[in-house]
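Asks: model the following, please.
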Amino acid sequence: MNDVKHQHMDGKHSEATLDDHTEGVPAYAYNDGGEPVQHAGQGLARTLKPRHVAMISIGGVIGTGLFLGTANALRNGGPLGLLLGYGVMGTICYAVMCCLGEMVSFLPVPGGHIKLAGRFVDPALAFTMGWNYWYNWVVVLPAELSAAAILIDFWNHDKGLNGIWIAMCLVLVVVINMFGARAYGEAEFWFASVKVITIVCT
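Replies: Numbers count the residues shown, from 1 in each chain. Just a heads-up that it's a prediction; the model follows:
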């Protein structure tokens, strides 16, 4: 077992071992030379380029709700209601992302916000968040595929082809995810570029 010193928020160190943290989140630890210690096999690889990150951040805020839901929100709530709703939810999302960014910068561990919940709160919360995250995408993915078919119906009015459009989009998503983060970043870069160009030109 390798002895390490853990740095706490007050700057003090306490003796511990790496084996004490092999399950769950890696410890924020230093060896006797003051260099950070990381568990084997848990390193992060930087596979996304700056242009990928930039376009993901820009295109990520342009969702299907902008194309499909804005008209109904404007009709029901009016321009002021739409602006207030966007302002309130935007403020909440901004606060959450700032907090998450602080934690990820402090502890860049594999697993993202789920691992951070286990580190800062309790492993039970991390377990719950993991299943909620899975449930979220089980619901969101079919909704997004249906929204893609609805958008294609704007140009192609044959609703009998919706199943084909949904299947094509699903296969595309699966193929992109099979090739890892770099392929995802490249695909997201070009898809986000299309969304940005569409917004600018309309």
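Asks: can you tell me the element Tyr135 falls in?
Replies: Here Tyr135, judged by DSSP states H and E, is contained in helix 123-152.
Asks: which element follows that helix toward the C-terminus?
Replies: Next element after helix 123-152 (DSSP H and E): helix 162-178.
Asks: and that following helix, what does it pack onto?
Replies: Contacts defined by 3 or more CB pairs under 8 Å, 6 or more residues apart in numbering; DSSP states H and E place helix 162-178 against helix 123-152, helix 180-201. No exception for glycine: its C-beta is placed from N, CA and C like everyone else's.
Asks: pull out the buried residues from that helix.
Replies: 162, 165-166, 169, 173, 176 (16 or more other CB atoms under 10 Å).
Asks: among those, which pair sits farthest apart?
Replies: Asn162 and Ile176 (21.4 Å; CB to CB).
Asks: for the helix holding Tyr135, packing partners?
Replies: helix 64-68, helix 112-120, helix 162-178.
Asks: where's Ser57 relative to Ala192, distance?
Replies: Distance, Ser57 to Ala192, by CB to CB, to the nearest Å: 9 Å.
Asks: pick out whichever of those two has more residues nearby.
Replies: Counted by other CB atoms under 10 Å, Ser57 and Ala192 do not tie: Ala192 has more neighbours, with 20 against 11.
Asks: the more buried one contacts Val61, correct?
Replies: No: Ala192 sits out of contact with Val61 when judged by CB atoms under 8 Å, with a separation of 9.8 Å.
Asks: how about the helix ranked longest in the chain: buried residues?
Replies: For the chain, the longest helix by residue count, based on DSSP state H, is helix 70-106. Neighbour-count burial for helix 70-106, counted by 16+ other CB under 10 Å, picks out Met103.
Asks: that helix - what's its average pLDDT?
Replies: Computed over helix 70-106, the mean pLDDT rounds to 87.
Asks: show me what it is packed against.
Replies: Here helix 70-106 touches helix 112-120, going by 3+ CB pairs under 8 Å, 6+ apart.
Asks: if you set the cut-off to 6 Å instead, what comes out?
Replies: Using 3 or more CB pairs under 6 Å, 6 or more residues apart in numbering; DSSP states H and E, no helix or strand is in contact with helix 70-106.
Asks: what distance separates it from the centre of its chain?
Replies: 16 Å (CA atoms, centre = their mean, to the nearest Å).
Asks: quick one: that helix to helix 112-120, angle?
Replies: 50 degrees (axes from the mean of the first three to the mean of the last three CA atoms, to 10 degrees).
Asks: hmm, who's touching the helix or strand hosting Ile58?
Replies: Using DSSP H and E, Ile58 falls within helix 50-59. For helix 50-59, the surrounding residues in contact (CB atoms under 6 Å, 6 or more residues apart in numbering) are 185, 188-189, 192, 195.
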